[in-house]
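**Q** Got a sequence here, can you build the structure:
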Amino acid sequence: MNSPSEFRELEAYHAAVVRTALDGIVVIDGDGLVVDFNPAAEAIFGYSRDEVIGEQIADLIIPPEHRAAHEHGMASYLATGAGRVLGKRLELPAMLSTGELIPIELAITDVTLSGRRLFAAHIRDLRGAKRAEAEIREQRNALHQKEKLAALGSLLAGVAHELNNPLSIITGQTLMMREAMEERAVADWNGLVRRCDRIATAADRCARIVRSFLAMARQREAERTPTRLETVVEEAVELLGYTMGAAGITVERRWPDDLPLLALDASQIHQVVLNLLVNAQQALEQAGGAERRITVGIDADRKAGTVSLTMDDNGPGVPEAIRSRVFDPFFTTKPQGAGTGIGLAVSRGLVEAHGGSLTL
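**A** As a prediction, the model looks like this:
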């Protein structure tokens, strides 16, 4: 049996250990009443020790939906001596004095003294650890995305080089054809000239797309000029007008008349809009349905100094399971041969090169 002096020394030793512990320590009795509440627990939960001594622990830090399980477990352990949580490390939600729920790591130990049933809960606040895990996960994902885009840049550089040669031939031959027709009397000369002009326009657009690929692969700045975004959208819609009409798709335009001029590389943004329209068209064609509609909207927030372009269709949407992957290079849900999986990754790169963002 301990002498009074030994007991006082033991109590002082216990108090010193509990008060200086980095983890929160909460001691309760067999009735669930708080017996001790160390400074670390005060810092975690926002209660002072004097506020909680003698109060029910369930009312203080256990979320309401878990209180019945806590009471059942306590009663079962006191009756049988068997418990499912004692001596184990558990991750659980806990409630602060403000009512906010936080993640904690919890270990409960039976510290019965002199016949008095006491339980010590060692509590670690996991908010910092969870934030660090989330940051590491985001950094890992960003690094992974950069690695894939680096590989994509190499691929695009090769594709652009291969496309440039035939495009230069098309452009050169078109010019030669036009010069030859101008020198000779050719029936329906005007019609043939218009046809040559269309070929030249299409070839020039291809060449500009190739140049934009090369610029992205080489990480060059976009060539921006004052541009009307609505004009870029109209050109893209017009380019797809025939295929949209053949598929029974209507395109609605919604934007005000007083949109500001933007500093854009029109060719690059045209490529983005074209890609989004084609994606919407393909989704609508695969889904079927009588009324197929794409809505393109432009809004300007002059206070924030931003302009947003939104594109909606009444198709099936993107399943929740793959929403986080749609911008990954080479990821596609389209049938073999119907898509490469690089369109959205390239589009996001082009938009981010303009200081913007492309989101689902």
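**Q** Which residues does stretch 99-113 contact?
**A** Here stretch 99-113 makes contact (C-beta atoms under 8 Å, 6 or more residues apart in numbering) with 27, 44, 63, 85-96, 117-127, 130. Placement of C-beta: from N, CA and C, glycine included.
**Q** residue nearest the centroid of this structure?
**A** Closest to where the C-alpha atoms of the chain average out (C-alpha atoms, centre = their mean) is S324, at 6.2 Å.
**Q** Doesn't that one belong to a strand?
**A** No. Assessed with DSSP: H, G, I helix; E, B strand; the rest coil, S324 is helix; it does not lie in a strand.
**Q** ok, back up a step: now the contacts of stretch 99-113: which count as buried?
**A** Taking 16 or more other C-beta atoms under 10 Å as the criterion, what is buried in the contacts of stretch 99-113 is 27, 44, 85, 94-95, 118-126.
**Q** out of those, which one sits closest to M177?
**A** Nearest to M177 out of those is L126 (C-beta to C-beta; 72.1 Å).
**Q** For that closest one, grab phi and psi.
**A** Dihedral pair for L126: phi -100, psi 10, per degrees, to the nearest 10.
**Q** now swap in A21 and tell me
**A** phi -60, psi 140.
**Q** G245 now?
**A** Backbone dihedrals for G245, given as degrees, to the nearest 10, come out at phi -60, psi -40.
**Q** quick one: what helix or strand has A107 in it?
**A** When elements are assigned from DSSP states H and E, A107 belongs to strand 101-110.
**Q** any idea which helix or strand comes after that strand?
**A** strand 118-125.
**Q** Pairing partners for that next one, with directions?
**A** Strand 118-125 has its sheet partners listed here by DSSP bridges as strand 24-29 (antiparallel), strand 101-110 (antiparallel).
**Q** okay, those in JSON lines with distance to M177 and mean pLDDT next?
**A** Below are the strands paired with strand 118-125 laid out as JSON lines (distance: least, C-beta to C-beta, whole Å; pLDDT from 0 to 100):
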{"stretch": "strand 24-29", "distance to M177": "83", "mean pLDDT": "91"}
{"stretch": "strand 101-110", "distance to M177": "71", "mean pLDDT": "90"}
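**Q** ranking the ones you listed by burial, who's on top?
**A** strand 24-29 (a mean of 20; mean count of other C-beta atoms under 10 Å).
**Q** Next secondary structure element downstream of that one?
**A** strand 34-37.
**Q** That next one - contacts with which helices or strands?
**A** Contacting strand 34-37 under the criterion 3 or more C-beta pairs under 8 Å, 6 or more residues apart in numbering; DSSP states H and E are the following elements: strand 24-29, helix 49-52.
**Q** Can you give me the buried ones in the shortest one?
**A** Residues of helix 49-52 classed as buried by neighbour count (16+ other C-beta under 10 Å): V52.
**Q** which other residues reach the next helix or strand after that helix?
**A** Moving toward the C-terminus from helix 49-52, the next helix or strand (DSSP H and E) is helix 57-60. For helix 57-60, the surrounding residues in contact (C-beta under 8 Å, 6+ apart) are 26, 28, 32-34, 45, 47, 52, 67, 70-71, 95, 97.
**Q** mind giving me TSV with the residues you listed and columns for distance to D59?
**A** Below are these laid out as TSV (distance: C-beta to C-beta, whole Å):
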residue	distance to D59
V26	13
I28	12
G32	9
L33	10
V34	10
F45	12
Y47	11
V52	10
R67	8
H70	11
E71	11
M95	9
S97	11
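**Q** For R194, which of the helices and strands packed on strand 34-37 is the nearest?
**A** The nearest among the helices and strands packed on strand 34-37, by C-beta to C-beta, is strand 24-29 at 80.3 Å.
**Q** re earlier: out of the buried ones among the contacts of stretch 99-113, which two sit at the greatest distance?
**A** Longest span within those, C-beta to C-beta: L118 and L126, 25.1 Å.
**Q** which residue packs closest to A207, ignoring adjacent ones?
**A** Nearest non-adjacent residue to A207, counting by C-beta to C-beta, 6 or more residues apart in numbering: L167, 5.1 Å away.
**Q** The one you found and C206, how far apart?
**A** Separation of L167 from C206 (C-beta to C-beta, to the nearest Å): 5 Å.
**Q** and the closest residue to P329 other than its chain neighbours, how many residues sit next to it?
**A** Among residues not flanking P329 along the chain, A345 sits closest, at 4.1 Å (C-beta to C-beta, 6+ apart). By other C-beta atoms under 10 Å, the residues close to A345 number 21.
**Q** mind listing what's buried in the strand or helix carrying A345?
**A** A345 belongs to helix 343-353 when assigned by DSSP H and E. Residues of helix 343-353 classed as buried under the neighbour-count rule (16+ other C-beta under 10 Å) are G343, L344, A345, V346, S347, R348, G349, L350, V351, A353.
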